[in-house]
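Undergrad: predicted coordinates and the sequence they were generated for:
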Amino acid sequence: MPAYEVIVVGGGPVGVALAVELGLRGISCALIERHKSPQRIPKGQNLTQRTLEHFYFWGIADELRARRLLPPGYPIGGVTAYGDLMSPYWFSQAGRGAVQPYYYQPNERLPQYLTEEVLRERLRDIPNVTTYFGWTAESVQQNTDGVRVTITETAGPGREETSYEWGGFIDASEPSKTEGANKRILEAAYIVGADGARSMVREQSGIGREGPDWDQRMVLAVFRSRELHEGLKRFPELTTYRVLRPELQGYWQFFGRVDVGESWFFHAPVPQSATVDSYDFHGLLQEAAGFKFHCTLDHVGFWDLRIMVANTYRQGRAFIVGDACHSHPPYGGFGLNSGLEDAVNLGWKLAAVLRGWGSERLLDSYTEERRPIFVETGEAMIKGGIEKDRDFLERHSPNRDREDFERAWQELGEMSNQRQQSYEPHYEGSSVVLGPPGAACSVHGSHSFAAQVGHHLAPQALSSGRNTFEELGGGYTLLAFDANEDSIKAFEHAAETVHAPLKVVRDSFEGDRRKYESPLVLVRPDQYVAWIGDASLPDAKGIFRKVTGLG
């Protein structure tokens with residue numbers, strides 16, 4: 001028998017989150033990560049309400065919030081300005097605050113390395129996860145029975161990364177290794193690559209990828225400046241500042257706060273020839289801000305503006321998550337949040353199969369559900385956003401027709417807020433939910449309190465004073481509001497037949513629970529709705545065979 005059930009290659013936030021998800025479900029895991037400590041680059045800062053729900057179920061939402069660098073209650077949102085940040089033309093975006101009532105946790109903002117620290121600390125309390133920090137996975141082999149991974153202990157910390165394929169790091173040089181370094185071979189039933197944009201697991205599993213490439217070099221600068229903080233007090237207190245310049249053809253210059261008062265990061269297009277020593281990055285920062293200020297540069301790196309999506313997220317016993325699946329510009333905060341959703345979606349399905357109540361079809365539904373979400377995210381939200389901004393800048397200018405520009409600028413602000421609020425990933429078309437005929441998995445939906453098959457469940461108060469999210473189980477949960485006992489017993493028997501975990505939450509169909517619009521709601525382990533029904537006796541056995549992928 002293999003020593004582990006799952007090997008996770010890559011211990012960034014997505015890989016560690018997957019190990020936490022699997023470990024809490026009783027799955028034995030090995031986690032391999034070449035860096036012994038998180039890399040202190042302040043990317044991946046914006047964590048959505050949905051992501052914070054994951055931290056709640058992992059039992060570390062409060063610990064995560066305690067690590068934030070922003071003051072409690074500091075507004076999370078952005079400003080977009082025309083030309084530079086001193087322009088008279090700007091509008092603000094309040095982030096995703098408008099969708100807060102549809103989620104159980106408020107959103108959060110903190111540097112990714114702090115998120116990683118919280119996740120790593122959670123691992124210490126999960127005995128069935130073995131960590132190999134300071135080890136590198138060199139090769140993977142699989143057969144019909146399992147996988148074998150060769151790992152090598154890293155001799156030193158390596159040099160600081162200065163090059164990226166967003167959002168995964170690419171080393172400017174590999175960490176040094178000693179001759180005859182310590183090697184081990186690990187075996188497991190499955191392997192998951194959470195090892196970044198240049199994933200070894202993806203490449204050695206023969207999974208291809210494709211996507212648009214703008215052939216544009218971008219810079220990431222991390223710096224400190226109190227003068228910039230003071231100079232931006234003309235705006236409401238917010239966390240990001242985006243500049244649209246006509247000559248940049250829709251590509252952003254983008255400031256983001258790390259804390260309040262001093263620390264920042266900055267993204268912008270630069271010439272292909274730009275290097276750390278040959279380019280005036282301080283001048284670029286001042287150009288985007290629209291005024292001169294002193295700053296101390298702490299880090300300068302580069303990345304290429306492209307979107308790459310894997311053709312499949314599974315090949316046999318190998319799976320990929322996060323940046324190994326999808327790399328893209330850091331526009332809209334989709335990267336880390338999408339990766340964590342990958343980890344949760346795959347985690348409960350692997351656990352289901354390893355514990356005998358899920359099928360191969362359930363594992364296949366991981367690609368079926370998650371890949372269309374990012375394909376549309378990249379196409380509609382990222383690529384589409386660049387094209388819309390480019391089109392706006394080509395069509396409208398205050399120097400040509402000020403009245404036309406001001407009207408179009410107002411419309412651009414309204415449209416930007418609408419696009420954020422209409423982003424609602426769902427799995428209506430999944431083969432393991434009982435969705436409407438002809439439906440598809442998509443990011444285009446609408447937030448609703450009504451329970452919709454394939455959609456995220458909205459929180460509601462129970463008559464006990466607790467919330468539905470406080471009562472959801474780790475397996476399937478049946479919300480039964482004034483439901484007859486025959487229907488409930490049918491579900492309990494069906495779950496026993498396929499050995500699936502089921503928790504029943506009984507309550508009256510009154511008050512806020514009426515907003516669900518269905519007295520029977522079957523909720524998946526990832527808080528998505530698998531089936532809804534009324535008072536009639538359901539085919540519970542058929543429903544459970546469907547949602548577990550058994551047929």
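TA: Yep, that arrived.

Undergrad: quick one: the strands in the stretch 101-250 of the chain?
TA: Along the stretch 101-250 of the chain, the stretches classed as strands by DSSP state E, counting those that start in this stretch are 108-109, 129-133, 135-142, 147-153, 163-165, 168-170, 183-193, 209-210, 213-224, 240-244.

Undergrad: reformat those strands as a markdown table; add distance to G335 and mean pLDDT.
TA: Where C-beta positions appear, they are placed from N, C-alpha and C, glycine not excepted. Listed next are these as a markdown table, based on distance: least, Cβ to Cβ, whole Å; pLDDT from 0 to 100:
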| stretch | distance to G335 | mean pLDDT |
| --- | --- | --- |
| strand 108-109 | 14 | 94 |
| strand 129-133 | 23 | 97 |
| strand 135-142 | 22 | 96 |
| strand 147-153 | 25 | 96 |
| strand 163-165 | 12 | 45 |
| strand 168-170 | 9 | 37 |
| strand 183-193 | 16 | 97 |
| strand 209-210 | 15 | 94 |
| strand 213-224 | 13 | 93 |
| strand 240-244 | 15 | 96 |
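
Undergrad: closest one to L284 among the ones you listed?
TA: Nearest of the strands of the stretch 101-250 of the chain to L284, taken as Cβ to Cβ: strand 213-224 at 7.6 Å.

Undergrad: sorry, back to before: mind giving me TSV with the strands of the stretch 101-250 of the chain and columns for mean neighbour count?
TA: Shown next, in TSV, are those (neighbours: other Cβ atoms under 10 Å):
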stretch	mean neighbour count
strand 108-109	21
strand 129-133	19
strand 135-142	19
strand 147-153	19
strand 163-165	18
strand 168-170	21
strand 183-193	22
strand 209-210	14
strand 213-224	18
strand 240-244	22
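
Undergrad: of all those strands, which lies closest to L363?
TA: Nearest to L363, of all the strands of the stretch 101-250 of the chain, is strand 183-193, at 8.7 Å by Cβ to Cβ.

Undergrad: returning to that earlier point: of all the strands of the stretch 101-250 of the chain, which lies closest to G283?
TA: G283 sits nearest to strand 213-224 of all these, at 11.6 Å, using Cβ to Cβ.

Undergrad: and for Y366, the neighbour number?
TA: 22 (other Cβ atoms under 10 Å).

Undergrad: got a list of what it touches?
TA: Shown in contact with Y366 (Cβ atoms under 8 Å, 6 or more residues apart in numbering): 313-314, 319, 345-346, 349.

Undergrad: can you give me the helices in the protein?
TA: Along the chain, counting by DSSP state H, helices occupy 13-24, 49-57, 61-66, 112-123, 200-204, 226-231, 281-289, 334-354, 360-376, 384-395, 402-421, 468-471, 485-497, 540-547.

Undergrad: quick one: distance of stretch 397-408 to the chain centre.
TA: 37 Å (Cα atoms, centre = their mean, to the nearest Å).

Undergrad: lowest-pLDDT helix or strand in the chain?
TA: strand 168-170 (a mean of 37; mean pLDDT, DSSP states H and E).

Undergrad: ok, the closest residue to L522 other than its chain neighbours - contacts?
TA: Distances taken as Cβ to Cβ, 6 or more residues apart in numbering put W531 closest to L522, at 4.2 Å, once the chain neighbours are dropped. Listed by Cβ under 8 Å, 6+ apart, the contact set of W531 reads 433-434, 453, 520-522, 538, 543, 546-547.
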